[in-house]
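# Below is the sequence, then the predicted model.
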Amino acid sequence: MRTFSYRAMDTDGRLLRGSLDAADLNDLECRLRERGLSFINGEARFNFGLPGSRRIPRRELIHFCFHLEQLLAAGVPPFESLAALRDATAHPRMRTAVITLLADIERGQPLSAAAARQPGVFPPATVALLHAGEQAGRLPETIRDIGAALEHEEELANYARRIAIYPAIVASLMLLAVTVALVHVVPELEKLFHSSGQALPLQTRLLIGLSHAVTQAGWLLPGIAVLAVAGTRWFLASSDTARTRLHHLLLRLPVVGEILTKLALARFAGVLATLYSAGITIIDALRITQDITGNLALRKALRRATERIEQGHAVSAAFEATGLFPSLVERMLGVGEQTGGLDRALGNIATLYRRDVANATGRLQAAIEPLLTVTMGVLLLWIASAVLGPIYDIITHLPV
């Protein structure tokens, strides 16, 4: 779904301008026709917002799948089910997506094809599952599986956010407190120190120098930070090799890298298990899973494994040859191949790693909190000693 600027004419011949979300220009024309407007021209509008700021929240998609599965299971046809959801959906972008689905289904397209026209809302794995469910005549069960997979992804995303939120809040408060001290407190104390005429210790001179840097050139720091971030993002966007190496490095970080690896493996195994159990071949399921895998190092390894499976190698041997997947994954895949329960083995891998992620996240949070407390204490102790030391010398030299 993209935002288009358009010009159209109403039934009274008045020229109207506006913007509307649509899959493409043909979809835009159909949607304007439904509003009684005659399409003249339109063009895609550039989104100046942050990446992902216009995406539909995963929680909205989970609610959509739950209610759609309930309606279909009750025997309500897909078109009427979507019409009911359109009237009941409060989120504007989700409602727009449902309206677009209704328009495509009204033109004779199946639900999977209509969903494929909105890749920003329905990822390739969802489209493939919808198509498999339509072919097997078990669409309600398939939508229930999609909702369950989205819930697992939301759970994993919550673990990732939980790791970052607390350190970000504490670090922001520390930065704010130090900045206030350097801008407002230290300059006043510097006047007092200079009026006393005493030699200042090294730590106090360092603190005063840091205060001068912040007060005189502090306005440059946000600009430098923005330029550094923008330059780094541009470099990574222009180099697939650099992005792959960065993602590989993230997986190798101590403590955090282990959690990121388990997060990626839990998501990969869960989606692959859902696709394979729906009747999609292992080759097609792996190709779809590659496209939705965020880590480029893992995506490259999946691509190599898929090529080896196409050449006739066993699934477990193909994954072992990549050198990226843990031995536990390889062993469980081998057991799944031997017993004919590969989907069950993949599901067990996803469940295991989701549990490991929950435990590792709890341990990391328990370690971060005292570490940040100690860091804050050391920083404040340094500032206090740099300030109170000279003040104590001044007081001791006062005439009695």
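Nice, I can see it.
# For residue 108, which three-state class applies?
Of the three states, residue 108 takes coil under DSSP: H, G, I helix; E, B strand; the rest coil.
# For burial, what's the neighbour tally of it?
Neighbourhood size, residue 108 [other CB atoms under 10 Å]: 8. Quick note: C-beta positions are derived from backbone N, CA and C, even for glycine.
# swap in the one 3 residues further on?
For residue 111, the count of nearby residues is 24 (other CB under 10 Å).
# And residue 294, by the same measure?
Neighbour tally, residue 294, other CB under 10 Å: 11.
# How about residue 287?
Residue 287 is flanked by 17 other residues according to other CB under 10 Å.
# Just to check, it is in contact with residue 305?
No: using CB atoms under 8 Å, residue 287 is not in contact with residue 305; the gap is 11.0 Å.
# which ones are touching the residue nearest to residue 360 when sequence neighbours are not counted?
Leaving aside its chain neighbours, residue 360 sits nearest to residue 259 (4.9 Å; criterion: CB to CB, 6 or more residues apart in numbering). Residue 259 sits next to 159, 163, 357, 360-361, 364 when contact means CB atoms under 8 Å, 6 or more residues apart in numbering.
# How about residue 19?
Residues in contact with residue 19, defined by CB under 8 Å, 6+ apart, are 3-6, 45.
# Just the buried residues of these.
The neighbour-count test (16 or more other CB atoms under 10 Å) marks 4, 6 as buried among those.
# Contacts only, for the closest residue to residue 25 other than its chain neighbours.
Closest residue to residue 25 in three dimensions, ignoring its sequence neighbours and counting by CB to CB, 6+ apart: residue 42, at 5.9 Å. Neighbour list for residue 42: 4-7, 25, 28-29 [criterion: CB under 8 Å, 6+ apart].
# Show me where the stretch 51-200 of the chain has its helices.
Applying DSSP state H, counting those that start in this stretch to the stretch 51-200 of the chain gives helices spanning 58-73, 78-88, 92-106, 111-116, 124-136, 139-180, 186-196.
# If you count neighbours, what's buried in the second one?
It refers to helix 78-88. Neighbour counts over helix 78-88 (16+ other CB under 10 Å) mark 78, 81-83, 85-86 as buried.
# just the first one next, same as before
Of the residues in helix 58-73, those scored as buried under the neighbour-count criterion (16+ other CB under 10 Å) are 60-69, 71-72.
# Could you find the closest non-adjacent residue to residue 183?
Distance criterion CB to CB, 6+ apart; nearest residue to residue 183, sequence neighbours excluded, is residue 215 at 5.8 Å.
# in what helix or strand does the one you found lie?
Per DSSP states H and E, residue 215 falls inside helix 202-217.
# name the helices or strands packed onto that helix?
helix 186-196, helix 342-396 (3 or more CB pairs under 8 Å, 6 or more residues apart in numbering; DSSP states H and E).
# Can you tell me which of those helices is most buried?
Neighbour counts (mean count of other CB atoms under 10 Å) averaged over each of the helices and strands packed on helix 202-217 peak at helix 342-396, with a mean of 16.
# Distance from that one to the middle of the chain?
Counting by CA atoms, centre = their mean, to the nearest Å, helix 342-396 is centred 23 Å from the centre of its parent chain.
# cool, and stretch 15-33?
29 Å.
# Tell me how many other residues surround residue 262.
Neighbour count for residue 262, taken as other CB under 10 Å: 23.
# Report the contact partners of it.
353, 356-357, 360.
# Quickly name whichever of those residues is closest to residue 233.
residue 357 (27.0 Å; CB to CB).
# The helix or strand containing the residue nearest to residue 25: how far from the chain's middle?
Under the criterion of DSSP H and E, residue 42 resides in strand 38-44. Relative to the mean C-alpha coordinate of its chain, strand 38-44 is positioned 33 Å out (CA atoms, centre = their mean).
# before we move on, the earlier item: in strands, which of the contacts of residue 42 appear?
If you go by DSSP state E, these have 4-7 in strands.
# show me the contacts for residue 388.
Going by CB under 8 Å, 6+ apart, the list of residues near residue 388 is empty.
# Against residue 176, how distant is it?
22 Å (CB to CB, to the nearest Å).
# ok, now residue 268?
Distance from residue 268 to residue 176, counting by CB to CB: 39 Å.
# More neighbours: those two, which one.
Neighbours per residue (other CB under 10 Å) separate residue 268 from residue 176, with residue 268 holding more: 27 against 10.
# Secondary structure of that one: a strand, I assume?
No: counting by three-state DSSP, residue 268 is located in no strand; its state is helix.
# Next, the contact list for it, please.
Per CB under 8 Å, 6+ apart, neighbours of residue 268: 289, 293, 298, 302.
# again with residue 131
110, 112 are the contacts of residue 131 under CB under 8 Å, 6+ apart.
# So for it, what's the pLDDT?
You'll see residue 131 listed with a pLDDT of 87.
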